[in-house]
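Novice: Would you be able to build a 3D model of this:
(chains A, B, C and D)
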2 protein chains.
Amino acid sequence: MAAVGRLAGVSQVTVSRALSHPEKVSPDTLKRIRDAIEVTGFVPNALAGALASKRSNLISALIPSLTNIVYSSFVATFSDSLRQHGYQVLLSETGFDPQDEAALITTHLSRRPDAMLLTGIHHTAQARRQLLGADIPVVEVWDITDSPIDMCVGFNHVEAGRAVAAYLHDLGIRQAATITARDERAVRRQTAFADRFAALSGRPVPDANTEGPASIGAGRRALRDLIETKGLTVGPTVGAIFCSSDLLAHGALIEAHARGLAVPGDIAIVGFGDQNFAQDLDPALTTVAVDRVRLGQMAARALLDKIGDGARQNPVLDLGFTIIQRAST
Amino acid sequence: MAAVGRLAGVSQVTVSRALSHPEKVSPDTLKRIRDAIEVTGFVPNALAGALASKRSNLISALIPSLTNIVYSSFVATFSDSLRQHGYQVLLSETGFDPQDEAALITTHLSRRPDAMLLTGIHHTAQARRQLLGADIPVVEVWDITDSPIDMCVGFNHVEAGRAVAAYLHDLGIRQAATITARDERAVRRQTAFADRFAALSGRPVPDANTEGPASIGAGRRALRDLIETKGLTVGPTVGAIFCSSDLLAHGALIEAHARGLAVPGDIAIVGFGDQNFAQDLDPALTTVAVDRVRLGQMAARALLDKIGDGARQNPVLDLGFTIIQRAST
DNA sequence: TTGTACGCGTTATCAT
DNA sequence: ATGATAACGCGTACAA
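Specialist: As a prediction, the model looks like this:
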């Protein structure tokens, strides 16, 4: 900056001002400074700026998985909203593990982000302590709780599971099974679904748990497992499968086709997430929609508002969910 | 740090040393310092550290799309490799636009990353200038060129397109069409494929261009377009479709099923990328595999090596590709 | 093994 | 409208 200043015939401070508050610099010094910046190829050092101003313009985000499109599409919206306000997002994957998340939180906090986004409401005690100590806005997403660390934006997974149970039962379906990923929120939906459906139908609800990341292959294997080893009987409209993600449901759909089972004639299938492809499958997939775009925007807005005026926002925002009926049920 | 030091009865520097070079501090002062850190909840300020040491331990990565699993899975591997060496990745989406990329490069450079990863080999002149001026290791991935900015790791897209053309022709297929996303590299593959296949078969190769992000829906619409408006005739093993991604190929597969076309009996389908689901489709998808895990690791290693000893690495690494034959051809 | 002095490149404050 | 000066919180060099 000093070098740029010399070239423009002003002091270092004026260069700083020209960059941060151009309106406080006279038009022609501003021009000289901008020319000098152009000539020298000067790029301001945001580290030094952040150190001096105590604002990093960084917002950190921790999501379970980068490759799971549910989270990556959400975080893309989130990042976009923030970029428009001059923030950059520092993104990491926790791999669904609270311990790893806690370690990442420490690393992230060392970069002094102006705010932080966390996925889910379950964090280690140490993580909560550090976050409270950091004294920055925090938003937890994809879930709802009465006692957020700071704010949360999401929906109620138990209600979602129950709603699907009621929906299928209303359709006249009397037998159901579930295919569930290791994701803790998925398990909560599955449990709520199974409890409610069992209560309505008087029949147990077998579950096939999948290992590793949700995938089409895992969905195929899970349906095979349900039919071949867990005694799921399939036939004219008696059974339905509630899958913890659209990807698993997609796999179940393919496996059903490969077995010559009609969907929904022999078996109905419900996904979760309403990903883009759900409407393009054949048959199109019934699923539970969550407004991911809105979720990303609301999370960004919550943080921005709180950074801006520090005012206490509504700490809990329930975005709800919608069952999208399509041809697979 | 000074406060921690007071609590432990040492100076600020010793605390710094305890954190960065614990072996240079006597065991019991180390313990006192660690206790003090525990008690105070001290989290080091990486901004100040980076400013003082001129090493940010940040590596920035620019990819076209977060939601495209090809890139997100690659960058997940890349980040993982780097995390093991104490680096954090600052990730942004360019949306396939060199102008936006250039703007992002400036923002990223202001955080003083120790190295940078770029996707592709086409960048604006300004971007190249800034990168050269920044004097940090740069790796360009997913493509190959003789004149990288610094280093590159990828494969030859023209050769890939030609290889698929030869492969299909060898299978006895004499008519082909393509479904291509707006991605510049995809277009290069498509052109190379079309030129070669036309030369081999003596027939033109119609193309359906898709708008927006690659998706199953786009693949379905593209196949419909090829058949209904571009005069693609389908029938016993005469035609093949080369899609620029597995996702588009998946859509084409679904559309073919929905139309009662047999795959590969009436139409053969080839994807690109060998994503996880390719082997789980019915029929399993023939595709072109690129070792994304290795690509991520090699890119990370290239940067780490160069940060480490500054030695000139092999600047161009060709990872090649493999045609994976499955049931869809 | 530990400490002192200094500087990293910016912003905030106050003065002119 | 512009400048001088003092932080910001750490790492490095050097000294003890």
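Novice: going forward, measure contacts and count neighbours with C-alpha atoms only.
Specialist: OK.
Novice: can you list the residues of the stretch 101-250 of chain A near chain B?
Specialist: Residues of the stretch 101-250 of chain A that fall close to chain B, judged by Cα under 8 Å from any Cα of the partner chain: A:Thr106, A:Leu109, A:Ser110, A:Arg111, A:Arg112, A:Gln130, A:Gly133, A:Ser215, A:Ile216, A:Gly217, A:Arg220.
Novice: Buried members of these into PyMOL, please.
Specialist: PyMOL command restricting those to the buried ones, with burial defined by 16 or more other Cα atoms under 10 Å in any protein chain shown:
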select buried, chain A and resi 106+109+110+111+112+130+215+216+217+220
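Novice: Of the residues of the stretch 101-250 of chain A next to chain B, which is the nearest to DNA strand D?
Specialist: Taking Cα to the nearest atom of the strand as the measure, DNA strand D lies nearest A:Ser110 of those, at 8.3 Å.
Novice: tell me the helices in the stretch 201-329 of chain A, going along the chain?
Specialist: A:216-228, A:246-258, A:292-309 (DSSP state H, counting those that start in this stretch).
Novice: about what we covered before: want to try CSV for the residues of the stretch 101-250 of chain A next to chain B, with pLDDT as columns?
Specialist: Formatted as CSV, these follow (pLDDT from 0 to 100):
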residue, pLDDT
A:Thr106, 97
A:Leu109, 98
A:Ser110, 98
A:Arg111, 98
A:Arg112, 98
A:Gln130, 96
A:Gly133, 95
A:Ser215, 94
A:Ile216, 97
A:Gly217, 97
A:Arg220, 97
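Novice: Of the residues of the stretch 101-250 of chain A next to chain B, which pair is most distant in space?
Specialist: A:Gly133 and A:Arg220 (45.8 Å; Cα to Cα).
Novice: Please state the offset of stretch A:174-192 from the chain centre?
Specialist: Remark: stretch A:174-192 is offset 19 Å from the chain centroid, using Cα atoms, centre = their mean, to the nearest Å.
Novice: what's the answer for stretch A:283-295, then?
Specialist: In terms of Cα atoms, centre = their mean, the centre of stretch A:283-295 is found 13 Å from the chain centre.
Novice: Between the two ends of that stretch, what distance do you get?
Specialist: One end of stretch A:283-295 to the other measures 28 Å (Cα to Cα, to the nearest Å).
Novice: From A:Ser147, how far out is the spatially closest residue to A:Phe321 that is not a sequence neighbour?
Specialist: Excluding the flanking residues, the one nearest A:Phe321 by Cα to Cα, 6 or more residues apart in numbering or on different chains is A:Val290, at 5.0 Å. Separation of A:Val290 from A:Ser147 (Cα to Cα): 22 Å.
Novice: which of those two has more neighbours?
Specialist: Counted by other Cα atoms under 10 Å in any protein chain shown, A:Val290 and A:Ser147 do not tie: A:Val290 has more neighbours, with 21 against 11.
Novice: Around DNA strand D, pick out the residues from the stretch 1-150 of chain A.
Specialist: Residues of the stretch 1-150 of chain A lying near DNA strand D by Cα under 7 Å from any atom of the strand: A:9-14, A:24-26, A:29-30, A:48, A:51-53.
Novice: how does it look with 10 Å?
Specialist: A:5-6, A:8-18, A:21-33, A:47-54, A:110, A:112 (Cα under 10 Å from any atom of the strand).
Novice: Narrow those residues to just the buried residues.
Specialist: For these, buried by 16+ other Cα under 10 Å: A:5, A:8, A:10, A:12, A:14-16, A:18, A:29-30, A:32-33, A:47-51, A:110, A:112.
Novice: In strands, which of the residues you listed appear?
Specialist: Secondary structure defined by DSSP state E assigns none of these to strands.
Novice: Check the residue nearest the centre of chain A and give its pLDDT.
Specialist: Nearest to the mean C-alpha position of chain A, counting by Cα atoms, centre = their mean, stands A:Tyr71 at 3.8 Å. Reading off the confidence values, A:Tyr71 has pLDDT 95.
Novice: Give me the secondary structure label for it.
Specialist: For A:Tyr71, the secondary-structure state derived from DSSP: H, G, I helix; E, B strand; the rest coil is helix.
Novice: Wait, it touches A:Ser65, no?
Specialist: Yes: using Cα atoms under 8 Å, A:Tyr71 is in contact with A:Ser65, at 6.6 Å.
Novice: For DNA strand D, give me its nearest residue in the stretch 151-300 of chain A.
Specialist: Of all residues in the stretch 151-300 of chain A, A:Met151 sits closest to DNA strand D, at 25.5 Å by Cα to the nearest atom of the strand.
Novice: so that residue bridges to which residues?
Specialist: Judged by DSSP bridges, the bridge partners of A:Met151 are A:Val139.
Novice: That one: what's it in contact with?
Specialist: A:Met151 makes contacts with A:Pro137, A:Val138, A:Val139, A:Glu140, A:Ala302, A:Gln313, A:Asn314, A:Pro315, A:Val316, as judged by Cα atoms under 8 Å, 6 or more residues apart in numbering or on different chains.
Novice: Please pick the buried ones from those residues.
Specialist: By neighbour count, with 16+ other Cα under 10 Å, these hold A:Pro137, A:Val138, A:Val139, A:Glu140, A:Ala302, A:Pro315, A:Val316 as buried.
Novice: Which residue comes closest to A:Leu90 once chain neighbours are left out?
Specialist: Per Cα to Cα, 6+ apart, closest to A:Leu90 is A:Ser60, 4.5 Å.
Novice: C-alpha coordinates for the strand or helix carrying the one you found, PDB please?
Specialist: Using DSSP states H and E, the element containing A:Ser60 is strand A:58-63. This file holds the C-alpha atoms of strand A:58-63, laid out as PDB (Å, rounded to 0.1, in the frame of the first residue of the first chain):
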ATOM      1  CA  LEU A  58     -15.100 -14.900   6.400                       C
ATOM      2  CA  ILE A  59     -18.000 -17.000   7.400                       C
ATOM      3  CA  SER A  60     -17.300 -20.600   8.100                       C
ATOM      4  CA  ALA A  61     -19.600 -23.500   7.300                       C
ATOM      5  CA  LEU A  62     -19.500 -27.100   8.400                       C
ATOM      6  CA  ILE A  63     -21.500 -29.600   6.500                       C
END
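Novice: Now do it against helix A:292-309, angle only.
Specialist: Going by axes from the mean of the first three to the mean of the last three Cα atoms, to 10 degrees, strand A:58-63 is angled at 140 degrees with respect to helix A:292-309.
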